[in-house]
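In: sequence-free structure coming up:
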Ligand SMILES: Nc1ncnc2c1ncn2[C@@H]1O[C@H](COP(=O)(O)OP(=O)(O)OP(=O)(O)O)[C@@H](O)[C@H]1O
Ligand SMILES: [Mg+2]
């Protein structure tokens, strides 16, 4: 396992991207990103809203294809694979989506079992044991027979997390796992990220702009800005960074440019056609 803060050996990084470029129409979202995600460690990807964090994550599992650049899983190039050849690679990944929606018409147990059935076409003989195991991991076994509408937002996230790990993935991707949760529920998710790393020995990639969560779970950090990597390093290197983009982000300050854009628009009734 890569020691915290040490340079990353390519062999010790199951997931790697090289020179990743992605445009949507004329919008250039990723502008040449090269990153390695160290084995058995948690990498936190920080960056302002809209900078391409979710787009980057989707490339790791082939949900988006790069315009340029390469994506590797365990040394194998995966960005060119057909859907059929991608399927076994995808099974190595658990993905907690930003909109981690559960199926409303299914019970918690059915939701969690869904990937098991999808994989084999029919329930595996040990389905209930596996579902109960991951529900215990997230501390919600008692919700086995409930429906998602009976759960709080934080509990729904935990169920989505149980579903993301039920196939025993090697890599878990978390897209904004604490967004919309109060500080206590957020901390439950943080603890779960730490626990899953230890118990399942997974490589974790966490996209977030929740700084408390970031510093609690990160072994390694990356900051994206305007489609590029601004800084990659240990949490300590981030705290010490003199880079103005990193410092502003960590302090939660808007840039001069952003402030100018807001100040240039006067909030007067005239702007609303005199309606206020
Ligand atoms: N499928 C798509 N088609 C067109 N544009 C897209 C698509 N997916 C993302 N984008 C655009 O790419 C940009 C980056 O989106 P992305 O979702 O990666 O942002 P993000 O960094 O995850 O932001 P947030 O922190 O708000 O989740 C946005 O401007 C978005 O509108
Ligand atoms: Mg996002």
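Out: Good, I have the coordinates. Note that the structure is predicted; figures quoted are calculated from it, not measured. Numbering: from 1, shown residues only. Ligands and ions are numbered 1, 2, ... in the order given.

In: and the protein, which residues reach ligand 1?
Out: Residues of the chain lying near ligand 1 by CB under 6 Å from any ligand atom: 24, 29, 47, 49-55, 98, 209. For every residue, glycine as well, the C-beta is placed using N, CA and C.

In: Including pLDDT, could these go into JSON lines?
Out: Formatted as JSON lines, the residues of the chain next to ligand 1 follow (pLDDT from 0 to 100):
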{"residue": "24", "pLDDT": "96"}
{"residue": "29", "pLDDT": "96"}
{"residue": "47", "pLDDT": "92"}
{"residue": "49", "pLDDT": "87"}
{"residue": "50", "pLDDT": "89"}
{"residue": "51", "pLDDT": "91"}
{"residue": "52", "pLDDT": "93"}
{"residue": "53", "pLDDT": "94"}
{"residue": "54", "pLDDT": "93"}
{"residue": "55", "pLDDT": "95"}
{"residue": "98", "pLDDT": "77"}
{"residue": "209", "pLDDT": "84"}
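
In: could you flag which of those residues are buried?
Out: 29, 47, 51-55, 209 (16 or more other CB atoms under 10 Å).

In: Tabulate those (TSV), appending secondary structure.
Out: Below are these laid out as TSV (DSSP: H, G, I helix; E, B strand; the rest coil):
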residue	secondary structure
29	strand
47	coil
51	coil
52	coil
53	helix
54	helix
55	helix
209	coil
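
In: right, and out of the residues of the chain next to ligand 1, which lies closest to residue 148?
Out: The closest of these to residue 148 turns out to be residue 98 (CB to CB; 16.8 Å).

In: Assumed that closest one was part of a helix.
Out: No. Read with three-state DSSP, residue 98 is coil and lies in no helix.

In: Am I right that it is in contact with residue 179?
Out: Yes. Judged on CB atoms under 8 Å, residue 98 makes contact with residue 179 at a distance of 7.2 Å.

In: before we move on, the earlier item: now, the most widely separated pair of the buried ones among the residues of the chain next to ligand 1?
Out: Top of the distance list for those (CB to CB): 29 and 209, 16.7 Å.

In: Can you tell me which helices and strands the helix or strand harbouring residue 206 packs against?
Out: Following DSSP states H and E, one finds residue 206 within strand 203-207. Here strand 203-207 is seen to pack against strand 42-46, helix 53-60, strand 171-175, helix 183-200, helix 211-217 when contacts are counted using 3 or more CB pairs under 8 Å, 6 or more residues apart in numbering; DSSP states H and E.

In: 10 Å instead, please
Out: strand 27-37, strand 42-46, helix 53-60, strand 93-96, strand 171-175, helix 183-200, helix 211-217, strand 220-225 (3 or more CB pairs under 10 Å, 6 or more residues apart in numbering; DSSP states H and E).
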